[in-house]
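K.L.:
okay, sequence plus prediction incoming.
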Amino acid sequence: MQTYDYGIWDSKNRLQVAPGNLYSRRRSLHGRRFSAVSYASVNNVLGEYLLNTLMDAMNSTYEVATFTGLVPGNQKKDKSWTGLIGLLQQGSAEIITDLLTVTASRMNAVDFSSPAITDNFGLFIKDEVYTDANRWSFASPFETNLWLAVIGTVLLYMICVTVMYYASNDNNPHSSAKEIRMGIYAAFCLRGYNVHLERWSLRLVYMSAFVTAVILNAAYCARVVSHLANSNRSLPFTNLEEAYASGYEIQVVPGTSAAETFQYASEGILQTINNEMIQPKYFYLPVTINEGLLHMCNWKKTCFVSERNSVRCSQQHPCDAIEISVSMSSVYLGFALRKQSPFTRIISYKMEKLRTSGILKRLKSTSCNPAQPDQGSNFKRVQFKNAAPLLAIMFFAIIVSFVLVLWERVLFRYTHKTHHTSHRKFKKCRKRVTHMPKYLP
């Protein structure tokens, strides 16, 4: 037994109380050895990290006995408990190294330290192929107005080359208006087509069409790959009400805070699920979180409700799971100690010191790297405004092509007129030469 000075008394200064409270002055347990038990749960990793830090701060140690076949415990009709909580009741151990959820029934059997972490509930289902893919998914990379713009662009190109062909008086026997239109269609399909174009206006339009088609096809292929890589999930339900209406079996681990939340619900969907799915099938419920995940993976239309951090940190996932948020109250996890233990307050005090100093947060981040819940897809379609610069370049190329057509037409008329005038002069000269008298040498 150790004694501590509450203060110092003298005749001049009277009573001078020592600074701090009882637990701040009681910094050492002088090598006190605790007897601890564990069932090697997913919360045991953080629990052991935290308990080792607490024992070092209190100058004490602990000896743990692991019971892999036990669970935290269930309350019997005579108010006694089974499992690890039963060992605390019997005096066989002083503390449980696994962080347990604080519930009303457990607080009647054991003492809890200050909460180590705060957790929320999650609804977990098997990660199956829940996508919104359908027969029109190939059109998802572009918005509807952009698809209409692409179709209008193809038709505009065909109209332009037809007008330019007849306006330029192209008498090339190797190409016709139909052949040029097919060349434009082949360009947007990224297929080669043998077209002989002699006019520079038609060449410019054809080149701008091919460049436009290449850029649009590259954007489409990139968005298709992004669409396939990002799983656009279309989940069968988004909350407990929809899960119940869809005929899913909802399971919890008996004796946990999730089970008590359903059990003590006075109304609403929680009470309905408890009366129809949990209480009538009590003996078919999973005993541990790992067993609950196994039921979720192997049983059809089965989902599992549990603490989010416990499921994320579990290393034994039989299959990939999707987490769905549910509107249920938060829960607290802490160390369970024997009832009326003299060490509950000092452990809680040291726990709060670790929290305020930030050590508890760092221990939580290093002990488990939880997987993030499903956030859905961030896939975005290509909008019409994204293609506006390309369309502007396309219209500029068409305008330049029409200017070239006008220039070629003017040039054609000038050369044709010059050729016709030269031909008439040549015919007159030839006629004169023909009618000249022939002189003998």
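P.N.:
The structure has been received and is ready for your questions.
K.L.:
residue 350 in helix, strand or coil?
P.N.:
Secondary structure state of residue 350, per DSSP: H, G, I helix; E, B strand; the rest coil, is helix.
K.L.:
residue 87 against residue 95, yeah?
P.N.:
No - look at residue 87 against residue 95 with CB atoms under 8 Å: they stay out of range, at 10.5 Å. The C-beta positions use only the backbone N, C-alpha and C, and glycine is treated the same way.
K.L.:
who has more neighbours out of the two?
P.N.:
When neighbours are counted by other CB atoms under 10 Å, residue 95 comes out ahead of the other of residue 87 and residue 95, with 26 against 21.
K.L.:
what separates that one from residue 206, distance-wise?
P.N.:
With the distance defined as CB to CB, to the nearest Å, residue 95 ends up 82 Å from residue 206.
K.L.:
got the phi and psi for residue 60?
P.N.:
Phi and psi for residue 60, reported as degrees, to the nearest 10, are phi -150, psi 170.
K.L.:
who's in contact with it?
P.N.:
Residue 60 sits next to 29, 30, 31, 32, 33, 34 when contact means CB atoms under 8 Å, 6 or more residues apart in numbering.
K.L.:
take the residues you listed and lay them out in a markdown table including secondary structure, distance to residue 238 and pLDDT.
P.N.:
Shown next, in a markdown table, are these (DSSP: H, G, I helix; E, B strand; the rest coil; distance: CB to CB, whole Å; pLDDT from 0 to 100):
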| residue | secondary structure | distance to residue 238 | pLDDT |
| --- | --- | --- | --- |
| 29 | coil | 50 | 78 |
| 30 | coil | 56 | 78 |
| 31 | coil | 54 | 83 |
| 32 | strand | 51 | 87 |
| 33 | strand | 51 | 91 |
| 34 | strand | 45 | 92 |
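K.L.:
mark which of those residues are buried, thanks.
P.N.:
Buried positions within the contacts of residue 60, assessed by neighbour count (16 or more other CB atoms under 10 Å), are 29, 34.
K.L.:
show me the strands in the stretch 51-200 of the chain, by range?
P.N.:
Assigned strands in the stretch 51-200 of the chain, in chain order: 60-66, 95-96, 100-101, 111-112, 117-119, 121-126 (criterion: DSSP state E, counting those that start in this stretch).
K.L.:
tell me the mean pLDDT over the longest one?
P.N.:
The reference is to strand 60-66. For strand 60-66, the mean pLDDT works out to 90.
K.L.:
and the helix or strand harbouring residue 223, what does it pack against?
P.N.:
Secondary structure from DSSP states H and E places residue 223 in helix 200-229. When contacts are defined as 3 or more CB pairs under 8 Å, 6 or more residues apart in numbering; DSSP states H and E, helix 200-229 packs onto helix 144-167, helix 177-188, helix 388-434.
K.L.:
quick check: residue 216 touching residue 147?
P.N.:
No - Residue 216 is beyond contact range of residue 147, at 10.4 Å (criterion: CB under 8 Å).
K.L.:
neighbour count for these two, which is higher?
P.N.:
Neighbour comparison, residue 216 and residue 147: the larger count goes to residue 216, with 20 against 14 (by other CB under 10 Å).
K.L.:
how far away is the more buried one from residue 164?
P.N.:
22 Å.
K.L.:
please apply the same query to residue 250.
P.N.:
In this structure, residue 250 and residue 164 are separated by 69 Å, where distance is defined by CB to CB.
K.L.:
same question for residue 73.
P.N.:
Look at residue 73 and residue 164: by CB to CB, they are 87 Å apart.
K.L.:
follow-up on the earlier one: list the buried residues of the helix holding residue 223.
P.N.:
Taking 16+ other CB under 10 Å as the criterion, helix 200-229 shows 201-202, 204-206, 208-210, 212-213, 216, 219-220, 223, 227 as buried.
K.L.:
then stretch 351-362?
P.N.:
The neighbour-count criterion (16+ other CB under 10 Å) identifies 351, 354, 360 as the buried residues of stretch 351-362.
K.L.:
between its first and last residues, how far does that stretch reach?
P.N.:
13 Å (CA to CA, to the nearest Å).
K.L.:
contact partners of that stretch?
P.N.:
Identification of contacts with stretch 351-362 by CB under 8 Å, 6+ apart yields 50, 53, 54, 57, 113, 114, 116, 334, 363.
K.L.:
ok, 10 Å please
P.N.:
Among residues not part of stretch 351-362, those counted as contacts by CB atoms under 10 Å, 6 or more residues apart in numbering are 23-24, 46, 49-50, 53-54, 57, 113-117, 334-335, 363.
K.L.:
could you identify the most distant pair in these?
P.N.:
Taking every pair in those and measuring CB to CB, the maximum separation is 25.2 Å, between 24 and 46.
K.L.:
with neighbour numbers in mind, choose between those two.
P.N.:
Neighbour totals were compared for residue 24 and residue 46, and residue 46 leads with 23 against 13 (other CB under 10 Å).
K.L.:
surely that one and residue 100 touch.
P.N.:
No - using CB atoms under 10 Å, residue 46 and residue 100 do not qualify as a contacting pair, with a distance of 11.9 Å.
K.L.:
mutual contacts of the two, please.
P.N.:
With contacts defined as CB under 10 Å, 6+ apart, the residues shared by residue 46 and residue 100 are residue 333.
K.L.:
still on that earlier bit, any idea which of the buried residues of helix 200-229 is closest to residue 41?
P.N.:
Comparing the buried residues of helix 200-229 against residue 41 with CB to CB places residue 227 closest, at 40.2 Å.
K.L.:
and the pLDDT for the closest one?
P.N.:
In this prediction, residue 227 has a pLDDT value of 67.
K.L.:
ok, residue 183 to residue 265 distance?
P.N.:
Residue 183 sits at a distance of 71 Å from residue 265 (criterion: CB to CB).
K.L.:
fine, thanks again, bye for now.
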